[in-house]
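**Student:** sequence plus the predicted model coming up.
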Amino acid sequence: MVIAYFDCFAGISGDMALGALLDAGAPLDKLLSGLETLPLSGWDLKVERIRKGTIASTSVTVLADEHQPERRLEDIESIVANSRLPEAVKSQSLSIFRLLAEAEAKVHSTSIDEVHFHEVGAVDSIVDIVGVVYALNLLGVQEVHASALPFSRGRVKIAHGELPVPAPATMELLCGILTYPIDIDSELVTPTGAALLKALARSFGTPPPFTPQKIGYGAGKRDLPFPNVLRVIIGEMQDGFAFERERLAVIETNLDNITGELVGFVMERLFEAGARDVWVTPVQMKKNRPAVVLSVLCDSATLPTLMQILFSETPTLGVRVQEVERMCLFREFMEVETPYGVVRVKLAKFGDQIINIAPEFEDCRRIALEGKIPLKEVMSAALIAANQKLYV
């Protein structure tokens with residue numbers, strides 16, 4: 001499997017991403033041929049080799065006529081849909097624009113249909129976004145992964161005026177993405193850069209085990225105390241590592257002064273607030289006190305809320321937090337007809353091979369209660385129906 005790892009130590013923008021992919025070997029002539037099928041006039045692409053600090057990199061600048069019409073999401077959807085680019089490129093590009101529109105709409109309390117793309121009639125955004133997706137396609141990339149993104153500070157001037165960094169739309173897009181603070185007074189992650197990775201990246205943090213083969217550097221426009229470049233590494237990941245990968249957090253706290261009733265209540269609250277899993281482990285603490293370790297598995301977006309629940313609902317004075325990586329089999333759902341009704345069935349797959357088949361418990365539970373049927377009979381019927389549908 002060919003993957004691309006975006007190493008965003010200086011952040012990411014659309015032009016940096018496109019420059020890095022061209023630097024990594026995406027053919028410029030084929031890229032331009034594809035972009036020229038967009039029914040979009042009045043633009044050109046300036047590509048040049050420059051140095052940012054001590055690193056040679058590729059700089060990309062979209063040159064657009066000043067007299068461009070104002071464009072909304074539906075205009076961009078029409079432009080992309082009427083190109084002759086591969087269908088996968090069209091679909092991924094439009095999903096990125098929709099993310100941008102949703103973020104802007106939320107910030108300005110409007111609908112996505114009313115959002116205007118301001119960068120010279122959206123020409124910059126269209127060329128950058130479609131160019132990045134098409135460049136990945138030309139390089140044969142099947143999966144995208146990314147580092148944690150730098151969370152800088154300061155102010156930036158845009159069409160809406162002077163705004164804090166990260167810009168409000170960028171901040172919306174960063175929700176759920178792993179970030180880290182950096183003491184730089186400059187915009188490092190743009191809305192386009194955040195939207196690209198939110199739509200394309202399967203994981204954020206350390207890269208999966210892979211063999212690097214090509215490296216590209218895309219130049220940013222500002223000068224920073226370190227080289228302002230985005231590094232993209234193209235490589236191969238062996239089939240044995242072809243799992244779904246997630247960066248999650250585990251919160252733990254030791255409790256020797258909590259009742260069983262309260263533990264059960266707290267677990268319910270944690271699940272309702274978005275915890276991926278919650279479990280309790282009996283332990284022996286100081287002074288031979290019987291106690292429990294309450295553990296919570298979550299993503300970065302729900303971490304603050306879940307910590308607040310632990311502090312407000314339990315007697316704990318402190319919690320431990322550690323980042324973990326979860327590797328999972330790929331999962332998909334299908335529906336099967338049973339004598340008792342329709343049940344969803346989860347398929348766990350390794351490549352094309354089905355490893356596990358599991359009826360959805362809540363579906364089976366509902367049918368069992370409504371029909372006054374033993375739960376084990378409903379689950380058995382769903383499993384039989386799934387095997388017949390898959391293998392007969």
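**Tutor:** Nice, I can see it. Model, not experiment: these values are computed from the prediction.

**Student:** isn't R84 right next to T37, touching?
**Tutor:** Yes - using Cβ atoms under 8 Å, R84 is in contact with T37, at 3.9 Å. All C-beta atoms are positioned from the backbone trio N, CA, C, and that covers glycine.

**Student:** how about the helices in the protein?
**Tutor:** In the chain, the segments counted as helices under DSSP state H are 14-23, 28-35, 73-81, 87-108, 123-138, 168-174, 191-200, 260-272, 303-313, 361-371, 375-391.

**Student:** for the ones you listed, which one sits closest to V229?
**Tutor:** Proximity to V229 (Cβ to Cβ) singles out helix 14-23 among the helices of the chain, at 7.2 Å.

**Student:** put the alpha carbons of that closest one into PDB.
**Tutor:** Provided in PDB are the C-alpha atoms of helix 14-23 (Å, rounded to 0.1, in the frame of the first residue of the first chain):
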ATOM      1  CA  GLY A  14      -2.900  24.500   0.200                       C
ATOM      2  CA  ASP A  15       0.100  25.800  -1.800                       C
ATOM      3  CA  MET A  16       2.600  24.200   0.600                       C
ATOM      4  CA  ALA A  17       0.900  20.800   0.100                       C
ATOM      5  CA  LEU A  18       0.800  21.100  -3.600                       C
ATOM      6  CA  GLY A  19       4.400  22.200  -3.800                       C
ATOM      7  CA  ALA A  20       5.500  19.200  -1.600                       C
ATOM      8  CA  LEU A  21       3.700  16.700  -3.800                       C
ATOM      9  CA  LEU A  22       5.200  18.200  -6.900                       C
ATOM     10  CA  ASP A  23       8.600  18.100  -5.200                       C
END
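
**Student:** tilt between that helix and helix 123-138?
**Tutor:** Relative orientation of helix 14-23 and helix 123-138, computed by axes from the mean of the first three to the mean of the last three Cα atoms, to 10 degrees: 30 degrees.

**Student:** now A103. Nearest residue, chain neighbours left out?
**Tutor:** E172 (4.0 Å; Cβ to Cβ, 6 or more residues apart in numbering).

**Student:** any idea of the pLDDT on the spatially closest residue to I12 that is not a sequence neighbour?
**Tutor:** Nearest non-adjacent residue to I12, counting by Cβ to Cβ, 6+ apart: G193, 3.5 Å away. At G193, the predicted lDDT confidence score is 96.

**Student:** list the contacts for P227?
**Tutor:** A10, K52, G53, T54, I55, S57 (Cβ atoms under 8 Å, 6 or more residues apart in numbering).

**Student:** 7 Å instead, please
**Tutor:** By Cβ atoms under 7 Å, 6 or more residues apart in numbering, the residues touching P227 are A10, K52, G53, T54, I55.

**Student:** would you mind checking those residues for buried ones?
**Tutor:** A10, K52 (16 or more other Cβ atoms under 10 Å).

**Student:** show me the contacts of P227 that map onto strands.
**Tutor:** Using DSSP state E to define strands, the subset of those located there is K52, I55.

**Student:** mind putting the contacts of P227 into CSV with pLDDT and distance to R222?
**Tutor:** Below are the contacts of P227 laid out as CSV (pLDDT from 0 to 100; distance: Cβ to Cβ, whole Å):
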residue, pLDDT, distance to R222
A10, 96, 9
K52, 94, 9
G53, 90, 12
T54, 91, 16
I55, 96, 15
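
**Student:** among the contacts of P227, which two are most distant?
**Tutor:** Farthest pair in the contacts of P227 (Cβ to Cβ) is A10 and T54. Separation: 13.1 Å.

**Student:** what about A101, distance to P166?
**Tutor:** Applying Cβ to Cβ, to the nearest Å, the value for A101 to P166 is 18 Å.
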